[in-house]
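[1] Pasting the sequence and the predicted model now:
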Amino acid sequence: MLSAFARSFLIQGSWNYHTMLGSGFAFAMLPLLRRLHGTDPEAMDAALRRHLEHFNAHPYLSDVALGAAIRLEVDGEDPDTIRRFKIAVRSPLGSLGDALVWASWLPAVSLAALGMLWLGAPGGVAVAAFLLSYNAGHLGLRAWGFRAGLREGRAVGGTIKGAHLDRITERVRGTAAVLLGAVAGAILMADDGLATAGWTWGLAGAAAFGVGARMGQRAWRPAAVAVVATVAVLAIWGITR
């Protein structure tokens, strides 16, 4: 089981437009399939082929499906049941992971690290804090998902629902919004900040506020792109000024 979990970190290594994560999923399943079907080449070939089929989800939450698929294979479930399970969970795992990680957790820890930098922390400390916090989150999410799938099998949906990932996402996203406001405010009000640039920046800020108030609640992906772009621009400006 540990070998399958370790291989899941390479699940995007052979990403392609045909199977997406399918090849990486089969690679992670390979040690178990060899153990189950190593003496039966035909069964081994059939099992490997069904896990090579198209599969797409968020790479961190794909461990939920991986653990559940291992459980189903060990329990000797019908291949069609395993195939239908993977089809059923791929979209929910994709949307949950995108909202939790890319649109919430990554912007939040990036802004927290940038805030530390603007408060006077050494650059190396801010970078280390970002790496430690981000990786602690994503490693914990991977391990939790893999254990849940392995334990629950087809019933893992109940565990995911009970974890209230949507509530966690909203809380992290709210924290990211507060951090963004704090960092932007500190920069704008600094003696050598953007406030000295004049009315042009004022108009740009008002326009950005209007767009965010009008559209920000309906589209998280543009908001996430805006946060990442803001962090990158401010970081470059802070380093080069």
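    The structure has been received and is ready for your questions.
[2] Next one, pLDDT for the closest residue to Ala57 other than its chain neighbours please.
    The spatially closest residue to Ala57, leaving aside those adjacent along the chain, is Leu93, at 3.8 Å (C-beta to C-beta, 6 or more residues apart in numbering). (Glycine included, C-beta is placed from N, CA and C.) Per-residue pLDDT puts Leu93 at 95.
[3] One more: Thr200?
    At Thr200, pLDDT is 64.
[4] Output the contacting helices and strands for whichever strand or helix holds the residue nearest to Ala57.
    For Leu93, the host element (DSSP states H and E) is helix 79-97. On a contact count with 3 or more C-beta pairs under 8 Å, 6 or more residues apart in numbering; DSSP states H and E, helix 79-97 meets helix 41-51, helix 62-74, helix 156-162, helix 165-189.
[5] Helix or strand next in line after it, which one?
    helix 106-118.
[6] okay, the angle between that next one and helix 165-189?
    Helix 106-118 runs at 30 degrees relative to helix 165-189, counting by axes from the mean of the first three to the mean of the last three C-alpha atoms, to 10 degrees.
[7] mind checking how far helix 106-118 is from the chain centre?
    Its chain's C-alpha centre and that of helix 106-118 lie 17 Å apart, by C-alpha atoms, centre = their mean, to the nearest Å.
[8] what does stretch 164-177 give?
    The answer for stretch 164-177 is 13 Å, by C-alpha atoms, centre = their mean.
[9] could you give the mean pLDDT of that stretch?
    88.
[10] and it, which residues are buried?
    Neighbour-count burial for stretch 164-177, counted by 16 or more other C-beta atoms under 10 Å, picks out Leu165, Thr169, Val172, Arg173, Thr175, Ala176, Ala177.
[11] May I have the secondary structure class of Tyr60?
    coil (DSSP: H, G, I helix; E, B strand; the rest coil).
[12] Report the separation between it and Trp105.
    10 Å (C-beta to C-beta, to the nearest Å).
[13] now Gly157
    With C-beta to C-beta as the criterion, Gly157 and Trp105 are 22 Å apart.
[14] what about the longest helix seen in the chain, distance to the chain center?
    In the chain, assigned by DSSP state H, the helix with the most residues is helix 123-152. Put simply, helix 123-152 sits 10 Å off its chain's centre (C-alpha atoms, centre = their mean).
[15] Return the set of buried residues in that helix.
    126, 129-130, 133-134, 137-138, 141-142, 144-150, 152.
[16] Compare Gly157 and Trp105 and say which is more crowded by neighbours.
    Trp105 (24 against 15; other C-beta atoms under 10 Å).
[17] residue contacts, the residue nearest the centre of the chain?
    The structure's the chain has its C-alpha centroid closest to Val101; by C-alpha atoms, centre = their mean the separation is 3.5 Å. By C-beta atoms under 8 Å, 6 or more residues apart in numbering, the residues touching Val101 are His58, Tyr60, Gly137, His138, Leu141.
[18] That's all I had, so thanks and see you.
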